[in-house]
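Novice: Here's a sequence, model it:
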Amino acid sequence: MRHQGTTRIALIQQRLDRRYELEIQSNRVTFSWWSKDVPPKVLGVHEFESDVIKHNSWSDIDLKWTESTLRFKCYVGLRIWTLPADSAPLLVRYFSIANRNGRTTWTVNCDPPEIDGKPRDGGWSEWSEWQYCSKTCGTGMGTRSRQCNQPKPNMFGKPCTGPSVSKGQCNVHECGQLSEKAIKAVNDRLRNQTHNVRAIEGDTLSLSCDKHIVEIVKRDLVNPKFKWLKNGRLLAGNKKMVEDRESCKLVIPKCSYKNAGVYAFTVQPPESQIVVLKLFAVTIKQKPTSVYLGDKIQVQCNAVTLGYFFGGLSQQWILNDSFIIKDYGITTLAVVDVDTITVEKLNFQGTWTCVVRHAKMNSTWTTEIRYIKIIGPSTAWTRLMQDPMIKMIFWKVNSPIIMVRICVVLIMSVCLCTWGGACVFNRWRKQPTKKNNTR
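Specialist: Numbers count the residues shown, from 1 in each chain. Alright, predicted model coming up:
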């Protein structure tokens, strides 16, 4: 309801000359009784904090009553009137609306039309799925519909032109294959839901399929073969993983870093390619990697499998979920999966995560986590200790002075051993010569 002036709502009983009436003027509402040849009797007056009915937009008014009470509710408040004992029961058969010194526009029991602004023509929505198809597979005939609500025309706009119902072929897929409806349901789930699982080494890792999608697939396929894949490879026969087919779960007891990767729950229709039903990006927390400032770290994102299923993927290495260490943009994941990143600053310490995004699908996967601990700045000593052979020999040495002392001791030991060996050898050579001289 919207108005200018004073609006009257008449609640008429069986006789037109007997009625209860609500008079709305600004923020004031008057409740009265009207009867033929009798002056109006005011039963109550209430003033709200602001106008009950707006002038330039719609205002909702809710009326409910019993034989002895009237409940008046509007957007600024609520008022309940109780009839006096000698009043006629509030039995309403008709109602009418009138205005004094202005104009009232109203609707009842429906959404009000849009009467403000410029005319807006209607537009068709997308066609619905096929319904009442004559066959479940192998091409049948059915109907589909659309609505004129994209946008919905206002009061002064033109309605949509063309049919709202169409007839045509449906369920055109071969029997024993997935229907377009099933494929659409699977793709919608993949686009709208991403599953990132983080675990700690030693935990029990549990991955569950989407039972709703499984039921949709079973309607089209006879005895479908569901399989779990890790990084594109079949997991069948892996003794360290337990596949619970009844509850549709994959359980990995005492998971380790080797269990990290991209897992896929799939189905393969007869003589067709594998269809991915659900994807998981699994990361396992591992021990921190200790590095020095200036070191180069080899990192691997483990996201190549996502590139087999989707195009237009971008990849980033992010520090502590906020700072971008390296941004590859939209790329081929197999090309940038393994990379070398230089630890340039001390604030590179923290959690490094590899994040893969698909902008159009609004999907984000976290496929790898590294915990980097920076020991300190890089020196000649730290660079020397990065040599695998030196690190193996002096693996417990943490000071260059101690290392020099050990080297001096080793050199002296070698020299002493060499000198001692030479003396023994010379003495041994001289013994036969003395015997010959004696003879």
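Novice: For the lengthiest strand in the chain, which residues meet the burial criterion?
Specialist: When the chain is parsed with DSSP state E, its longest strand is strand 363-377. Applying a neighbour-count criterion of 16 or more other CB atoms under 10 Å, one finds 363, 365-368, 370, 372, 374 buried in strand 363-377. Where C-beta positions appear, they are placed from N, C-alpha and C, glycine not excepted.
Novice: And that strand, how far out from the chain middle?
Specialist: Here strand 363-377 is found 22 Å from its chain centre; the criterion is CA atoms, centre = their mean, to the nearest Å.
Novice: Pairing partners for that strand, with directions?
Specialist: strand 289-293 (parallel), strand 350-358 (antiparallel) (DSSP bridges).
Novice: Need the winner for burial among these.
Specialist: Neighbour counts (mean count of other CB atoms under 10 Å) averaged over each of the strands paired with strand 363-377 peak at strand 350-358, with a mean of 20.
Novice: Name the residues that touch that one?
Specialist: For strand 350-358, the external contacting residues (CB atoms under 8 Å, 6 or more residues apart in numbering) are 281, 283, 299, 301-303, 306, 310, 312-321, 325, 333, 363-372.
Novice: again, 7 Å this time
Specialist: Here strand 350-358 makes contact (CB atoms under 7 Å, 6 or more residues apart in numbering) with 301, 303, 306, 310, 312-321, 325, 333, 363-372.
Novice: now do stretch 159-178
Specialist: Contacts of stretch 159-178 (CB under 7 Å, 6+ apart): 122-124, 127, 130, 133, 135-146, 148, 153, 179-180, 217, 220-222, 269-270, 272, 275.
Novice: same thing but at 6 Å, please
Specialist: Identification of contacts with stretch 159-178 by CB atoms under 6 Å, 6 or more residues apart in numbering yields 122, 124, 130, 133, 135-140, 142-146, 148, 153, 179, 220, 269-270.
Novice: Tell me the buried residues in that stretch?
Specialist: 160, 170-171, 173, 178.
Novice: next one: stretch 253-272
Specialist: For stretch 253-272, using 16+ other CB under 10 Å, the buried residues are 255, 259-267, 269.
Novice: what does stretch 410-420 give?
Specialist: Going by 16+ other CB under 10 Å, stretch 410-420 has no buried residues at all.
Novice: per-residue confidence averaged over it?
Specialist: Averaging pLDDT along stretch 410-420 yields 83.
Novice: Keeping just the C-alphas, turn it into PDB.
Specialist: C-alpha atoms of stretch 410-420 as PDB (Å, rounded to 0.1, in the frame of the first residue of the first chain):
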ATOM      1  CA  LEU A 410      93.700 -35.200  10.200                       C
ATOM      2  CA  ILE A 411      96.600 -33.800   8.200                       C
ATOM      3  CA  MET A 412      99.000 -34.300  11.100                       C
ATOM      4  CA  SER A 413      97.800 -37.900  11.600                       C
ATOM      5  CA  VAL A 414      98.300 -38.600   7.900                       C
ATOM      6  CA  CYS A 415     101.800 -37.100   8.000                       C
ATOM      7  CA  LEU A 416     102.700 -39.100  11.100                       C
ATOM      8  CA  CYS A 417     101.400 -42.300   9.600                       C
ATOM      9  CA  THR A 418     103.200 -41.600   6.400                       C
ATOM     10  CA  TRP A 419     106.500 -40.900   8.200                       C
ATOM     11  CA  GLY A 420     106.100 -44.000  10.400                       C
END
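Novice: Break this protein down into its domains, please.
Specialist: What automatic domain parsing lists as the domains of the chain is 2-105, 118-172, 183-284, 287-380.
Novice: Please identify which of those domains is closest to Cys417.
Specialist: domain 287-380 (30.2 Å; CB to CB).
Novice: Include distance to Leu410 and mean pLDDT when you put the domains of the chain into a markdown table, please.
Specialist: Below are the domains of the chain laid out as a markdown table (distance: least, CB to CB, whole Å; pLDDT from 0 to 100):
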| stretch | distance to Leu410 | mean pLDDT |
| --- | --- | --- |
| domain 2-105 | 92 | 88 |
| domain 118-172 | 80 | 92 |
| domain 183-284 | 37 | 85 |
| domain 287-380 | 20 | 87 |
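Novice: nearest spatial neighbour of Trp133, skipping sequence neighbours?
Specialist: Check again: residue 133 is Cys, not Trp. Nearest non-adjacent residue to Cys133, counting by CB to CB, 6 or more residues apart in numbering: Gly142, 3.6 Å away.
Novice: Looks to me like Pro40 is in a strand.
Specialist: Yes. Checked against DSSP: H, G, I helix; E, B strand; the rest coil, Pro40 lies within a strand.
Novice: That one - how many residues pack around it?
Specialist: Pro40: 12 surrounding residues under other CB atoms under 10 Å.
Novice: Same check on the one 3 residues further on?
Specialist: A total of 17 residues lie near Leu43 under the criterion other CB under 10 Å.
Novice: chain center to the strand or helix carrying it: distance?
Specialist: According to DSSP states H and E, Leu43 maps onto strand 38-47. Put simply, strand 38-47 sits 58 Å off its chain's centre (CA atoms, centre = their mean).
Novice: quick one: the strands in the stretch 251-400 of the chain?
Specialist: 261-267, 275-285, 289-293, 296-300, 314-319, 323-330, 338-342, 350-358, 363-377 (DSSP state E, counting those that start in this stretch).
Novice: Give me the most central residue, the protein.
Specialist: The centroid of the chain falls nearest to Gln193 when counting by CA atoms, centre = their mean (5.0 Å).
Novice: Look up how far Val356 lies from that one.
Specialist: 15 Å (CB to CB, to the nearest Å).
Novice: Same check on Val424?
Specialist: Using CB to CB, Val424 is found at 69 Å from Val356.
Novice: Report the contact partners of Val42.
Specialist: Taking CB under 6 Å, 6+ apart, we find Val42 in contact with Ser32.
Novice: Try it again at 7 Å.
Specialist: 30, 32.
Novice: What residues are bridge-paired with it?
Specialist: Ser32.
Novice: List the residues that contact Ile24.
Specialist: Contacts of Ile24 by CB under 7 Å, 6+ apart are 6-7, 52-53.
Novice: Bridged to it, which residues?
Specialist: Beta-bridge partners, per DSSP bridges, of Ile24: Thr7, Val29.
Novice: Lovely, talk soon.
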